[in-house]
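> Structural data only, the sequence is not supplied:
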């Protein structure tokens, strides 16, 4: 009986729609308008997000005040601003020396280790052991083309020398200030960055 009632109801609805075909046209038009509105709204949000990302700036005082996890998120957002749409924060326990990973518009894989110092330049210097961890995992474990350590503090002289020997990149407080408060991507600020992996409209 239930099945018969359902079939009967379906038949009635179909017959009614056939008799009032214009209703289908109205529904279709309304659906198209709603879809167009949703698509336009989504595109507008994407444009707003792009504008916001292009205008992203951080001052050193802002970065100094962050929790270390928020500092990693800020670095991720800066990479996204620079065009690394897949930039992600992976820092945490067991991160194996990678706090942020990203692929730039030229196809290069970036692995970034972040070292936040609560006292900024007055905090302890980033030393060679920190860079040794990055050097041991960035390329072998994470497949990095570019391995970077970013800090809002200082980097010791031996650590800088080690970085040059091992083709690691150091973003100290001074370079971080330029990168975070400007609009130039990090690969334009660093020296000896590997060439693009693939041709792109930007290359």
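Here it is on my side, so go on. Since this is a predicted model, take the numbers as computed values, not measurements.

> Output the below-cut-off pLDDT ranges for the protein.
Residue ranges of the chain with pLDDT under 70: 41, 44-55, 91-95, 198-203.

> So which residues of it form helices?
Taking DSSP state H as the test, the helices found in the chain are 2-19, 21-54, 60-64, 68-81, 128-137, 157-165, 173-181, 186-189.

> Tell me which of these sits most buried.
Greatest average neighbour count among the helices of the chain goes to helix 68-81 (a mean of 20), per mean count of other C-beta atoms under 10 Å. All C-beta atoms are positioned from the backbone trio N, CA, C, and that covers glycine.

> Identify the residues contacting it?
53-54, 56, 58, 63, 66, 87-89, 91, 99-100, 102, 104, 110, 112, 114, 116, 150, 152, 179-180, 183, 186 (C-beta atoms under 8 Å, 6 or more residues apart in numbering).

> Could you turn the buried ones of the residues you listed into a PyMOL selection?
Buried residues within these, by 16 or more other C-beta atoms under 10 Å, are selected in PyMOL with:
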select buried, resi 58+63+66+87+89+91+99+100+102+104+110+112+114+116+150+152+179+180+186
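
> Which ones among the contacts of helix 68-81 map onto strands?
Using DSSP state E, the subset of those located in strands is 88-89, 100, 102, 110, 112, 114, 150.

> sorry, back to before: any chance of a markdown table for the helices of the chain, columns distance to residue 196?
Shown next, in a markdown table, are the helices of the chain (distance: least, C-beta to C-beta, whole Å):
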| stretch | distance to residue 196 |
| --- | --- |
| helix 2-19 | 58 |
| helix 21-54 | 21 |
| helix 60-64 | 29 |
| helix 68-81 | 16 |
| helix 128-137 | 22 |
| helix 157-165 | 22 |
| helix 173-181 | 20 |
| helix 186-189 | 10 |
